[in-house]
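Chemist: Build the 3D model from these lines:
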Amino acid sequence: MLAGVTGWPVAHSRSPRLHGHWIARHRLDAAYVPLPVRPEHFAEAMHGLRLAGFRGCNVTIPHKEAAFALADALTPRARRAGAVNTLIFREEGIEGDCTDGYGFLQSLGGHDPAFGPAVVLGAGGAARAIAAALLDAGCPRLTLVNRSRARAEALAEALGGPVEVAEHPGLETTALLVNATSLGMTGQPPLELDLSHLPAHAVVADIVYVPLETALLRAARGRGLRGVDGLGMLLHQARPGFRAWFGPDPVVDDALREAVAADIPPR
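Modeler: Okay, the predicted model is just below:
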């Protein structure tokens, strides 16, 4: 059984380590490999992998929109997100799924999106998948904040439902704050945001996982708030693909987290 992760470049991906851990745990006769593919060769490469016997692959930058266009069938959540991060090769064709929103919700642990309003920073692909998942899980009101207001407004219109766009987040009633941008990632500018107005029950989530504790999460925990790092989203989003390709339903636990995070700087 073969699967992999495709991107350009793709050497940085932690997916081979993640899936390799599960393959070893379940003692499968399988392999999960990195598949660097140039954008102009993406479609022919995916069809070739399917014909070569691959079960499917994860898709990372810059191929997610191309994977959406390529798929013969889309899951409802992929159609809602407008992007694909998981391809499943079947006899009848290629199915596209988007598991980012699922992975994010699972990473929240006991937090129920229906508990209160959410603020999502960003309007890119990750923000769209997360926002859609929150709305579908019952979030009563969602506010999008993005450097380009026009892009946030376009996303709000595409999502529908109780979504508004703001220049600055009003945090006084926020139950969940999500950084769905790359700000705060190693090598990127920091995310500068005053958390003093967040309620004591608020949860702060950051999809960045390099470093594991961003300045945003450090500030949240300094206020006694619960912080959720981006590694959980990465781990959980991998489960549906692994199950579809290899059969077992894998578990996200401390052993997996330690294996994948072994060389990630803590701060």
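Chemist: To which secondary structure element is W245 assigned?
Modeler: helix 239-246 (DSSP states H and E).
Chemist: Identify the residues contacting L121.
Modeler: 127, 145-146, 169, 177-181, 183, 191, 193 (C-beta atoms under 8 Å, 6 or more residues apart in numbering). C-betas here are computed from N, CA, C, even on glycine.
Chemist: Then G161?
Modeler: Per C-beta under 8 Å, 6+ apart, neighbours of G161: 135, 142.
Chemist: what secondary structure does it sit in?
Modeler: Of the three states, G161 takes coil under DSSP: H, G, I helix; E, B strand; the rest coil.
Chemist: Excluding chain neighbours, what is closest to H26?
Modeler: P248 (4.7 Å; C-beta to C-beta, 6 or more residues apart in numbering).
Chemist: Just the helices from this protein, written as ranges.
Modeler: Along the chain, counting by DSSP state H, helices occupy 15-25, 42-51, 64-70, 76-81, 100-107, 125-136, 149-159, 215-222, 231-237, 239-246, 254-260.
Chemist: Residue ranges of each domain in this structure, please.
Modeler: 2-98+238-260, 102-232 (automatic domain parsing).
Chemist: Show the average pLDDT along the last one.
Modeler: Summarised as a single mean, pLDDT over domain 102-232 is 94.
Chemist: Counting neighbours, what do you get for the nearest residue to L231 once chain neighbours are set aside?
Modeler: Among residues not flanking L231 along the chain, Y209 sits closest, at 4.2 Å (C-beta to C-beta, 6+ apart). The tally of other residues near Y209 (other C-beta atoms under 10 Å) stands at 20.
Chemist: Next one: Y209 from G124, what distance?
Modeler: 16 Å (C-beta to C-beta, to the nearest Å).
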